[in-house]
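> Got a sequence here, can you build the structure:
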Amino acid sequence: MTTQNVKILVLDDEPFMRRLLVRILDNLGYITDSICDNGHAALELIDSPDDCPNLILLDINMPVMDGLEFLRRLVDRRYFGSVILVSGEDERMRQAAEKLAKAHKITVLGHLHKPVSPEGLAKLIETWQPPKQLLPRAARKIYAPAEISAAIANGELVNYYQPKVRISDGHVVGVETLVRWRHPQDGLIFPDQFIGIAEVNGLIDDLTQVVLTDALAQNKLWQEAGIMLQVAINLSMDSLISLDFMEMLVGVTARSGVPPQMVEFEVTETRLMEDLRTPLEMLSRLRLKRFRLSIDDFGIGNSTLAQLRDLPFDELKIDQSFVRGAWHDEKLRAMFDSSLGLAKQLGMEAVAEGVEEQADWDFVHKSECNIAQGYFIAKPMPAADLPAWIQSWQMDFPASNRHL
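Okay, here's the model as predicted:
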C-alpha cells in the first residue's frame with residue numbers, strides 16, 4: 001500500500017485533536033483529505049462520490065451526533081471503507097464501540113486512546129486495504145428445500161474434518177466433522193447456506209444421518225490405518241425431539257463398528273430448548289450408551305448454567321469470541337477464565353475454539369486448558385489430507401512446542 005492510495009477523513013469535535021491528528025498523519029506521509037468537527041458535515045462528504053473517504057479517524061464522544069450514531073448512519077449509506085476509533089473514553093468503552101461497528105459489518109482497523117501515538121496510528125493504518133464493493137446479503141443464492149433434499153439423496157454432501165489437539169503435548173485427539181455441499185454448478189457450499197433450510201423443512205435428520213454415516217466409515221478407515229481419533233458430529237436441537245432419531249444414531253454407530261466412546265455429539269448451547277424433557281432423555285440415554293456429549297459455543301446463550309446442571313456433558317467448548325485475542329484483552333480473559341474454571345469444577349474437558357494465531361496458542365497453553373481447535377492448528381480439510389497433516393504436525397510440534 002502506498003500513502004497516496006488511502007483517502008482519510010478526520011472527524012473530531014476538538015480543534016487541538018484535529019490539528020494533532022493532521023500533523024501526525026503528515027509526518028507519517030499520509031495526506032488528510034477531509035477534516036470535520038461534526039457528524040452531519042462528515043456525512044455530507046460521504047454522500048458525495050468524489051469526496052467520500054475510504055478511511056475515517058472517528059471520535060466516539062461528540063456533541064449532537066456521537067460516534068456511535070455516526071456508525072449507524074454509515075450503515076444506512078452502505079459505507080464500504082474502514083474506520084479507526086479515536087477516543088479519550090476508557091478501554092471498555094472503546095472495545096464496545098469497536099464491537100458495535102463490527103456488528104454493523106463496518107471494517108474497523110482498531111481503536112486508539114487519546115492522545116494518539118504516531119506509532120500506534122501508523123501500525124493501524126498499515127493494515128488498511130482498499131475497500132471492496134461487497135454484494136448485499138440478499139444477493140447470496142437461496143437454495144430450495146427440494147434442492148437440498150436432492151443433494152442428500154444424490155450423495156453431494158461431503159465431510160471436512162478440523163483437528164482437535166491436546167494442548168499439553170500437541171497430540172491430535174480428535175476431529176470435528178463439518179459438512180459441505182459439493183454443488184454440481186455452484187461448487188463448494190458452506191453449511192450456513194443450507195443447514196437452516198434443512199432444519200426448517202424437516203430435512204435435518206436425513207442430513208445428519210448422511211454426515212454421521214460417512215464420518216463413522218471414515219473413522220473406521222483411520223482406525224484400520226492406526227490413526228485413533230474421536231470424531232465429533234454436530235446435532236441440531238430440532239432433531240432431539242424424536243426418540244426415533246436417537247435410535248438412528250445408535251444403530252448407525254453399531255453397524256459402523258466404531259465404539260461409542262470414539263463418537264462425540266456436539267450440541268450448540270444457543271439452540272437448547274425451553275422444554276428439555278425429550279432432549280434430556282435422549283442425551284442422557286446416549287451418555288449411558290457411552291457416547292460423549294459436548295456443549296458447543298459455550299457462554300453466548302441465555303441459559304448456560306441451567307443447561308450444564310441438567311444435561312450430562314463431558315466436554316465444554318469455550319466459544320471462539322472468548323478465546324481469540326484474550327491474551328491482550330482483560331475482559332475476554334476474564335470470560336475465558338470463568339468458562340475454564342467452571343469446566344474444571346464440573347469435571348469436564350475444556351476445548352478452546354478459535355485459536356487463530358501464535359499468541360492465542362501461547363495463551364491457552366499457559367491457561368491449562370485441555371484441548372485447542374482453530375486455524376492456527378489447521379483449517380477443516382478433506383479426509384484424504386488428514387494423515388499427512390497429522391504427520392507434519394507431530395514432526396513440527398516437539399521441535400518448537402509452538403514457542404513454549
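
> My read is that Asn201 contacts Ala146, right?
No - taking contacts as CB atoms under 8 Å, Asn201 lies outside contact range of Ala146: 9.1 Å. Yep, even glycine has a C-beta here, placed from its N, CA and C like the rest.

> Which of these two has more residues huddled nearby?
It is Asn201, of Asn201 and Ala146, that has more neighbours when counted by other CB atoms under 10 Å, with 13 against 10.

> give me every residue that touches the more buried one.
For Asn201, the contact set (CB atoms under 8 Å, 6 or more residues apart in numbering) comprises 145, 148.

> And Ile24, by the same measure?
Here Ile24 is in contact with 116, 118, 121 (CB under 8 Å, 6+ apart).

> on that earlier part again, so for Asn201 and Ala146, which residues contact both of them?
Residues touching both Asn201 and Ala146 (CB under 8 Å, 6+ apart): none.

> Tell me how many other residues crowd the residue lying closest to Ser149 once chain neighbours are set aside.
Spatially, and ignoring its direct neighbours in sequence, Ser149 is nearest to Leu203 (5.8 Å; CB to CB, 6 or more residues apart in numbering). By other CB under 10 Å, 19 other residues sit near Leu203.

> contacting residues around Leu203?
Counted by CB under 8 Å, 6+ apart, Leu203 has contacts 145, 148-149, 152, 197.

> can you give me the helices in the stretch 1-150 of the chain?
15-27, 39-46, 67-76, 91-103, 118-125, 145-153 (DSSP state H, counting those that start in this stretch).

> Can you flag the weakest of those helices by average pLDDT?
Of all the helices of the stretch 1-150 of the chain, the minimum mean pLDDT falls on helix 91-103 (a mean of 85).

> closest to Leu235 among the contacts of Ile24?
Distance to Leu235, by CB to CB, is smallest for Leu121 among the contacts of Ile24, at 47.3 Å.

> Give me the distance between that closest one and Asn54.
Using CB to CB, to the nearest Å, one gets 16 Å for the distance from Leu121 to Asn54.

> Looking at the contacts of Ile24, which one is closest to Pro260?
So of the contacts of Ile24, ranked by how close each gets to Pro260 (CB to CB), first place is Leu121, at 56.1 Å.

> ok, that closest one to Glu89 distance?
Applying CB to CB to Leu121 and Glu89 gives a distance of 17 Å.

> Neighbour count for the two, which is higher?
In this view Leu121 and Glu89 are compared by other CB under 10 Å, and Leu121 has more residues nearby, 21 against 18.

> Show me the chain divided up by domain.
Following automatic domain parsing, one gets these domains for the chain: 3-125, 140-403.

> In terms of helices and strands, where is Lys366?
helix 358-367 (DSSP states H and E).

> Arg255 too?
Using DSSP H and E, Arg255 falls in helix 243-256.

> just to revisit the earlier point, mind giving me a markdown table with the contacts of Ile24 and columns for distance to Gln129?
Output for these, formatted as a markdown table (distance: CB to CB, whole Å):
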| residue | distance to Gln129 |
| --- | --- |
| Val116 | 21 |
| Pro118 | 21 |
| Leu121 | 17 |
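
> wait, Thr32 sits on Val22?
Yes - under the criterion of CB under 8 Å, Thr32 makes contact with Val22 at 4.8 Å.
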